[in-house]
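Trainee: Please find the sequence and the predicted model below.
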Amino acid sequence: MLQTLPPRAPIPTRLRTQLESFLVLRRNPLELWGEPAYEQEILPGKFLGRDQLMVNAPEGIRHILVTNAENYRRNPATKRVLQPVLGAGLFLAEGEAWRHQRRTIAPALAPRTMPILAHHVVAASAAREAELETLLHRPIELLPHLQHLALAIAGQSMFSLEMSGFGPELRRMLLGYGMKYALPGILDLMLPENIPSFVDRGRAAFRTDWLAFLDRLIAVRAAQTPSGDARDLFDLLSAARDPETGAGFDHAQLRDEVSTMILAGHETTAVTLFWSCYLAALYPDQQDRLAAETAPVDLSAPHAAASLARLPAVRAHVDEALRLYPPAFLIVRQAQQADEILGHKVAAGTTITISPWVLHRHRARWRAPDEFDPDRFMPGATPPERYAYMPFGAGPRICVGAQFALTEATLVLARLLARFRVELAGSGAVIPRGIVTTQPDRPVRFILTPRRP
Ligand code: HEM
């Protein structure tokens, strides 16, 4: 058993007032939950005068996300915060509009298309590795490199475009949005859906600029000579047709889908890679084991997708990083109609929270939940209990990009560890912080050295 425990957010030891909870929600939501959340199955409560229900019980989660999913839709605060960026794309769509989009998009991200996408993953990773090669033997912050890499992968797999022309502007816009508008304020949580807050005016102005930016990006891609075979997600999505109705996407819809894919995909994968590298640095023996696994494997672009099957330990490491640090730490829904969950009356309007962060460390579901143990995910190990492990959600709205994200994280991690030894520069404690995704709470510096001469 490995000794050092990987870092976690502190657990509060006493009940907080509503005001304290609100401040913690803004500072670090991972610090919201006390011991009972990690032990009990269902936790009713009230927040800002509204009914809340946290559900950890597998049957309850199945009810909300699978069997009665129509009754549990995205909550108004999520829509307020994300609509300016994601528009009417798949993430925020509901009902028939969602079904049409999901049917149309899912085939573009199915296992069949992974070789196309893996090709872009490797090309972008190779470019970033070459840059890291110039930064050996000195402390560097790895997260920004991984964020740029994940954005390059999102851009290249979406558009086959080198993102250096657009990447900095895209990151500047999203960073600005993240800082100013992405954290829900008190009005976002309190106001009825149809009443805009003053912050919504700023969000609407952002949307105008954002759409103009996406239009420019799409125009550059659309001007490229068409090719017979699909080169990227843009080709796949442009050609995609609803298998039931035959309908494709018009320009505005395609633009929202492009935005959704880039947004939902790049920061989540960047932090997955960050925590995977962090854990590899924290546990050097594990890192050597992964490097040994990658040594005989061909990770070049033409062979990368086929090589995935030969990387079970790297994949298990990514799975364990996603357990300990799930990038999407909270799934929120709002009950549309009154209902009952495992004997608990649910009034219409109740906010339902299902937290992968809590579930992945729940005492009743995991043996040694706070320990790093990638062997839990090795082939042949007993699979986790149903709905105890859900970094990608569950049910019909499960992450449509999960296959792609796992392909990307496994290939990039394998390539990085095949090439570099990754060590932490200094031993300052890092605390995971839930700011849109699960991030480190401070800059973390690593030292990279070449693994093989
Ligand atoms: C490690 C990386 C990723 C994680 C942890 C992650 C996590 C999640 C989770 C938990 C959900 C469900 C949210 C809910 O039920 O409320 C989700 C949905 C979604 N994800 Fe991901 N995701 C990742 C990567 C990606 C990528 C690479 C893409 C696109 C290429 C993507 C696109 C989407 C979309 C469009 C949805 C909404 C699906 C729907 O509502 O039908 N994600 N993701």
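Mentor: On my side now, so go ahead.
Trainee: The closest residue to the ligand within the chain: what's its closest spatial neighbour, skipping adjacent residues?
Mentor: Residue nearest to the ligand within the chain: residue 401 (2.2 Å; CB to the nearest ligand atom). C-betas here are computed from N, CA, C, even on glycine. The shortest distance from residue 401 to any non-neighbouring residue, by CB to CB, 6 or more residues apart in numbering, is to residue 265 (5.2 Å).
Trainee: what does residue 106 give?
Mentor: Closest residue to residue 106 apart from its sequence neighbours, by CB to CB, 6+ apart: residue 400 at 5.8 Å.
Trainee: Sketch out the low-pLDDT regions of this protein for me.
Mentor: 1-3, 161-164, 453 (pLDDT under 70).
Trainee: which secondary structure element contains residue 271?
Mentor: Applying DSSP states H and E as the criterion places residue 271 in helix 251-282.
Trainee: for the helix or strand following that helix, packing partners?
Mentor: Next helix or strand after helix 251-282 toward the C-terminus (DSSP H and E): helix 284-294. Counting by 3 or more CB pairs under 8 Å, 6 or more residues apart in numbering; DSSP states H and E, the packing neighbours recorded for helix 284-294 are helix 251-282, helix 312-324, helix 402-419, strand 420-424.
Trainee: In TSV: the ones you listed, plus mean neighbour count.
Mentor: Below are these laid out as TSV (neighbours: other CB atoms under 10 Å):
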stretch	mean neighbour count
helix 251-282	23
helix 312-324	24
helix 402-419	23
strand 420-424	19
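Trainee: who are the neighbours in contact with the spatially most central residue of the chain?
Mentor: Centroid check for the chain by CA atoms, centre = their mean gives residue 268 as the closest residue, at 3.1 Å. Listed by CB atoms under 8 Å, 6 or more residues apart in numbering, the contact set of residue 268 reads 327, 328, 405, 437.
Trainee: rerun at 6 Å
Mentor: By CB atoms under 6 Å, 6 or more residues apart in numbering, the contact list for residue 268 reads 327, 437.
Trainee: Looking at the helices and strands packed on helix 284-294, which is nearest to residue 157?
Mentor: helix 402-419 (7.6 Å; CB to CB).
Trainee: thinking again about what came up before, please report how far the residue nearest to the centre of the chain lies from residue 108.
Mentor: Using CB to CB, to the nearest Å, residue 268 is found at 18 Å from residue 108.
Trainee: again, but for residue 132
Mentor: Between residue 132 and residue 108 the computed distance is 31 Å (CB to CB).
Trainee: likewise residue 159?
Mentor: With CB to CB as the criterion, residue 159 and residue 108 are 14 Å apart.
Trainee: Report the secondary structure state of residue 353.
Mentor: Here residue 353 is strand, with the state taken from DSSP: H, G, I helix; E, B strand; the rest coil.
Trainee: For the closest residue to it other than its chain neighbours, give me the backbone phi and psi.
Mentor: Counting by CB to CB, 6+ apart, residue 54 is the residue found nearest to residue 353 once chain neighbours are left out, at 4.8 Å. Main-chain dihedrals, residue 54, degrees, to the nearest 10: phi -100, psi 130.
Trainee: Quick check: bridge partners of residue 54?
Mentor: Under the criterion DSSP bridges, residue 54 forms beta bridges with residue 43, residue 353.
Trainee: Does it touch residue 354 like I think?
Mentor: No. Look at residue 54 against residue 354 with CB atoms under 6 Å: they stay out of range, at 7.6 Å.
Trainee: Would you map the strands across the chain?
Mentor: Here the chain has its strands, by DSSP state E, at 42-47, 50-55, 72-73, 140-141, 331-335, 339-341, 344-346, 351-354, 420-424, 432-435, 437-440, 445-450.
Trainee: Now do the fifth one: distance to the chain's middle.
Mentor: This means strand 331-335. 18 Å (CA atoms, centre = their mean, to the nearest Å).
Trainee: same thing with stretch 360-375?
Mentor: The chain centre lies 20 Å from the centre of stretch 360-375; the measure is CA atoms, centre = their mean.
Trainee: Renumber starting at 57 from here on
Mentor: Taking 57 as the first residue, the last one we looked at is stretch 416-431.
Trainee: distance between the ends of that stretch?
Mentor: 15 Å (CA to CA, to the nearest Å).
Trainee: The closest residue to residue 378 other than its chain neighbours - how many residues pack around it?
Mentor: Spatial nearest neighbour of residue 378, chain neighbours left out: residue 447 (4.0 Å); criterion: CB to CB, 6+ apart. The number of residues packed near residue 447 is 24, by other CB atoms under 10 Å.
Trainee: Identify the residues contacting residue 447.
Mentor: By CB under 6 Å, 6+ apart, the contact list for residue 447 reads 378, 382, 412.
Trainee: repeat that with 7 Å
Mentor: Neighbouring residues of residue 447 by CB atoms under 7 Å, 6 or more residues apart in numbering: 378, 382, 384, 412.
Trainee: From these, pick the one nearest residue 98.
Mentor: Each of the contacts of residue 447 was scored against residue 98 by CB to CB, and residue 412 proved nearest at 16.5 Å.
Trainee: from memory that closest one sits against residue 446, does it?
Mentor: Yes. Here residue 412 reaches residue 446: they are 5.4 Å apart, a contact under CB atoms under 7 Å.
Trainee: How about residues contacting stretch 368-380?
Mentor: 62, 328, 331-332, 335-336, 342, 345-346, 349-350, 416, 428-435, 445, 447, 462, 465-466, 469-470.
Trainee: what's the answer for stretch 415-433, then?
Mentor: 57-58, 61-62, 64, 94-95, 112, 335, 339, 342, 372-373, 375-376, 379-380, 382, 437, 441, 444-446.
Trainee: How far does that stretch stretch from one end to the other?
Mentor: By CA to CA, the extent of stretch 415-433 from end to end equals 16 Å.
Trainee: And for residue 69, the neighbour number?
Mentor: Residue 69: 7 neighbours (other CB under 10 Å).
Trainee: What is the burial count for the residue lying closest to it once chain neighbours are set aside?
Mentor: Leaving out its chain neighbours, the residue that sits closest to residue 69 by CB to CB, 6+ apart is residue 90, at 7.4 Å. By other CB under 10 Å, 15 other residues sit near residue 90.
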